[in-house]
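Undergrad: give the three-dimensional model of this entry:
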Amino acid sequence: MFSKLHKNIELLETHKEQILHMWLEYEIVREALCSNTFSPDFFQDKFASKVFDFAIAVIKKEQDLGNCPVIGVMLTLFKKKNIPLADVFIICVHLKNALLLFMYKNSILDEESLSEMAMLMDYNFNGVIKEYTSLYYNDEYKVKNCKQEITSNTTTEVQKSILTSAEDYLQEIELDSEQIAELDELESDTLNAIDEDEHINQHSLLESANLFLQYSKVLNAMYEFKELSYTLTILQELLYATECDVLERETKDMVSIYLKAIISDLRSWRVSVFIARDAQDIHYLDKTLLSSIAQLQMTLMPQEEQNEEEIEFF
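TA: Residues are numbered from 1 along each chain as shown. All right, here's what the predicted structure looks like:
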């Protein structure tokens, strides 16, 4: 599918940082991020780099087109910050522009490679628009799609096609029960560490980060939970990088609340899916977890100071 791009894959990979720099140096991209108090450096490190890696993996046929786990995580955070769809468009479309410009400057852009790159970027961007629209207009989006499917299927058939029960899922995979059981002790240790002091401290942040790291490792081995695994990976990286001493008291209290809520939800979900096996839908808690994690990320992520005099509104 991407044979021409594959021939130049080494050049693209070698110049990854240059391409990312080109992407985020577009003034309109930086303005879209900064006007929404989103640090360009944070975006590059946590999202842009991973989106680029996914595109390369698609070209190499290591990933399927349109199944990027990074996108869902990124858009959940975008929604939490109420970033307008127009700004999401500006941010995303300029990756395509940066890639095409790089290819042009390196004399590898011809009709075939242009067509392949456009297909790669446009197909994924189409998914971005649909996903972000569904996040904002969730009920309307679900009803519309449900009505379309019901015209040719019964309600029961539609539900079966959408939901996967824990019992059915666990019959399809080889589960490492020991790994799952080990998470129980880590959860308890982490919650105890959080409750030891009146306010969150560096030790409890690191304990939480370690728990999320272990969760991400376990879930990353299961295709169905790649997105959740990646979200937890971003969160643990952010916790490791956070200096508790510089956080305000109110922020520490919020972090503590979110951490305990996320851990409690993870524990409940883990038991229901992998131990009791009574979950009718293995993804029943996905949206809640992604939302809580995004909220905690917003609480901890560096804020981009924005001088109103530097923004021009048209």
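
Undergrad: make it CA atoms for all contacts and neighbour counts henceforth
TA: Fine.

Undergrad: can you give me the distance of the closest residue to Ser256 other than its chain neighbours to Asp245?
TA: Of all residues not flanking Ser256 in the chain, Ile200 sits nearest, at 5.9 Å (C-alpha to C-alpha, 6 or more residues apart in numbering). Distance from Ile200 to Asp245, counting by C-alpha to C-alpha, to the nearest Å: 10 Å.

Undergrad: quick one: which of the two has more around it?
TA: Set side by side, Ile200 and Asp245 show more neighbours around Ile200, with 24 against 11, by other C-alpha atoms under 10 Å.

Undergrad: find the helix or strand that the residue most central in space within the chain is a member of.
TA: Residue closest to the average C-alpha location in the chain (C-alpha atoms, centre = their mean): Val73, at 2.0 Å. Under the criterion of DSSP states H and E, Val73 resides in helix 69-80.

Undergrad: please apply the same query to Ala193.
TA: helix 177-196.

Undergrad: ok so, going back, my read: the residue nearest to Ser256 touches Lys252, true?
TA: Yes - counting by C-alpha atoms under 8 Å, Lys252 is a contact partner of Ile200 at 5.6 Å.

Undergrad: give me every residue that touches the closest residue to His6 other than its chain neighbours.
TA: Nearest residue to His6 in three dimensions, chain neighbours excluded: Ile59, at 6.0 Å (C-alpha to C-alpha, 6+ apart). Contact analysis of Ile59 by C-alpha atoms under 8 Å, 6 or more residues apart in numbering lists Phe2, Ser3, Leu5, His6, Ile9.

Undergrad: closest to Thr133 out of those residues?
TA: Taking C-alpha to C-alpha as the measure, Thr133 lies nearest Phe2 of the contacts of Ile59, at 28.5 Å.

Undergrad: show me what contacts that closest one?
TA: Contacts for Phe2 (C-alpha under 8 Å, 6+ apart) come out as Ile59, Glu116.

Undergrad: got phi/psi on it?
TA: Phe2 adopts backbone torsions of phi -120, psi 50, taken as degrees, to the nearest 10.

Undergrad: for the residue nearest to His6, give its distance to Val128.
TA: 19 Å.

Undergrad: quick one, longest helix in the chain?
TA: Assignment by DSSP state H gives helix 111-136 as the longest helix of the chain.

Undergrad: run through the neighbouring helices and strands of that one.
TA: helix 3-7, helix 69-80, helix 85-105, helix 138-150 (3 or more C-alpha pairs under 8 Å, 6 or more residues apart in numbering; DSSP states H and E).

Undergrad: at 10 Å what do you get?
TA: Using 3 or more C-alpha pairs under 10 Å, 6 or more residues apart in numbering; DSSP states H and E, the elements in contact with helix 111-136 are helix 3-7, helix 49-59, helix 69-80, helix 85-105, helix 138-150.

Undergrad: worst average pLDDT in these?
TA: Per-stretch mean pLDDT for the helices and strands packed on helix 111-136 is lowest at helix 138-150 (a mean of 42).

Undergrad: could I get the full set of helices for the stretch 201-314 of the chain?
TA: For the stretch 201-314 of the chain, the helices defined by DSSP state H, counting those that start in this stretch cover 202-220, 226-241, 249-270, 286-300.

Undergrad: secondary structure element holding Lys169?
TA: In this structure residue 169 is Tyr, not Lys. Secondary structure from DSSP H and E places Tyr169 in helix 166-172.

Undergrad: who touches that helix?
TA: With C-alpha atoms under 10 Å, 6 or more residues apart in numbering as the test, helix 166-172 has contacts from 164, 224, 272-283.

Undergrad: in that helix, what's buried?
TA: Within helix 166-172, the residues that count as buried by 16 or more other C-alpha atoms under 10 Å are Ala166, Glu167, Tyr169.

Undergrad: now, among the residues you listed, which is nearest to Gln44?
TA: When those are compared for distance to Gln44 (C-alpha to C-alpha), Tyr169 comes out closest, at 35.1 Å.

Undergrad: just put the buried residues of helix 166-172 in a markdown table and tack on pLDDT and distance to Lys79.
TA: Shown next, in a markdown table, are the buried residues of helix 166-172 (pLDDT from 0 to 100; distance: C-alpha to C-alpha, whole Å):
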| residue | pLDDT | distance to Lys79 |
| --- | --- | --- |
| Ala166 | 92 | 29 |
| Glu167 | 93 | 33 |
| Tyr169 | 92 | 30 |
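
Undergrad: out of the residues you listed, which comes closest to Ile91?
TA: Closest approach to Ile91 among the buried residues of helix 166-172 (C-alpha to C-alpha): Tyr169, at 36.6 Å.

Undergrad: quick check: that closest one vs Asp281, distance?
TA: As defined by C-alpha to C-alpha, Tyr169 lies at a distance of 9 Å from Asp281.

Undergrad: common neighbours of the two, please.
TA: Between them, Tyr169 and Asp281 share the contacting residues Val273, judged by C-alpha under 10 Å, 6+ apart.

Undergrad: in the helix holding Val73, what's buried?
TA: The neighbour-count check on helix 69-80 (16+ other C-alpha under 10 Å) flags Pro69, Val70, Ile71, Gly72, Val73, Met74, Leu75, Thr76, Leu77, Phe78, Lys79 as buried.
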